[in-house]
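**Q** Structure of the sequence below:
(one chain, ligands or ions: 1)
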Amino acid sequence: MIESMKLSQLISEDQIQERIKEMGEEITDKYENGDLIVLGVLKGSFMFYSDLVRAIDLDIKCDFLGVTSYVGAKSSGECKLTLDVGMSLKDQNVLIVEDIVDTGLTMNFLKQHLEKRGVKSLSTASLLFKPDALKVECSIDHVGFEIANDFVVGYGLDYQGMYRNMPYIAQVQNMN
Ligand code: IMP
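**A** Take a look at the predicted model:
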């Protein structure tokens, strides 16, 4: 626990799991007649991704991307790919799975990167969405929860590498 930080629960484990079930059904209905590759964005989406893919009742392929843009609690505004998708995406339906969309810069960077790979269709899912923090236009097809422009941790989301293993989402207060 970082001493200067106070955490207060914002979204409970039950609320997260219930919403993911609904999102999984939405995605299952959307792709019931086609193939789907589901791409998790590391590291933050690892927990959401693993619950979401289990809620999708289709034969899907799973792969991952890595991207960094955050330093501490602030976006650097510069996105860098740290891991690229291994499999061919040509003529495939692709779903990007993110933990949170804040400024929108990372999601737009990933969309542009993947569109260059000749995908058939590209959709996006994010557990959390902060509409008041957007710096660029960025629409998300499947949103778990819209939240205020506050820093949050837990359920995959970190502050300085910590708190990713909490099963719920907490808002951070008193940050220096
Ligand atoms: P964006 O490019 O500003 O939309 O930020 C996307 C990435 O920043 C996410 O994938 C997270 O890794 C990180 N991020 C944004 N907001 C938060 C937050 O409130 N807590 C933890 N990480 C965040």
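**Q** show me where this structure has helices.
**A** Applying DSSP state H to the chain gives helices spanning 13-30, 46-55, 105-115.
**Q** between those helices, which one is nearest to the ligand?
**A** helix 105-115 (3.2 Å; CB to the nearest ligand atom). Glycine gets a C-beta too; all of them are placed from N, C-alpha and C.
**Q** Tell me how far the closest one lies from the chain's centre.
**A** In this view, helix 105-115 has its centroid 13 Å away from the chain centroid, taken as CA atoms, centre = their mean, to the nearest Å.
**Q** For it, the averaged confidence score.
**A** The pLDDT scores in helix 105-115 average 95.
**Q** which other residues reach that helix?
**A** Applying CB atoms under 8 Å, 6 or more residues apart in numbering, the external contacts of helix 105-115 come out as 39, 41, 65, 67, 69, 75, 77, 79, 81, 85, 89, 94, 96, 98, 101, 122, 124, 126, 135-136, 138, 140.
**Q** Let's see which of those end up in strands.
**A** 39, 41, 65, 67, 69, 75, 77, 79, 81, 94, 96, 98, 101, 122, 124, 126 (DSSP state E).
**Q** Help me confirm that the fourth one comes into contact with T82.
**A** Yes - with contact defined as CB atoms under 8 Å, V67 reaches T82; the gap is 6.3 Å.
**Q** which residues do these two both contact?
**A** L42.
**Q** neighbour count winner among the two?
**A** Set side by side, V67 and T82 show more neighbours around V67, with 21 against 11, by other CB atoms under 10 Å.
**Q** Those residues of this structure touching the ligand, which are they?
**A** 44, 69-70, 75, 98-107, 151-153, 157 (CB under 6 Å from any ligand atom).
**Q** Could you rerun that using 5 Å?
**A** Contact residues (CB under 5 Å from any ligand atom) of the chain with the ligand: G44, Y70, S75, I100, V101, D102, T103, L105, T106, F151, V152, L157.
**Q** And the lowest-mean-pLDDT helix or strand in the chain, what does it pack against?
**A** One helix or strand of the chain scores below all others by mean pLDDT, DSSP states H and E: strand 74-83, with a mean of 81. Applying 3 or more CB pairs under 8 Å, 6 or more residues apart in numbering; DSSP states H and E, one finds that strand 74-83 contacts strand 60-71, helix 105-115.
**Q** One more pass at 6 Å, please.
**A** Applying 3 or more CB pairs under 6 Å, 6 or more residues apart in numbering; DSSP states H and E, we find strand 74-83 packed against strand 60-71.
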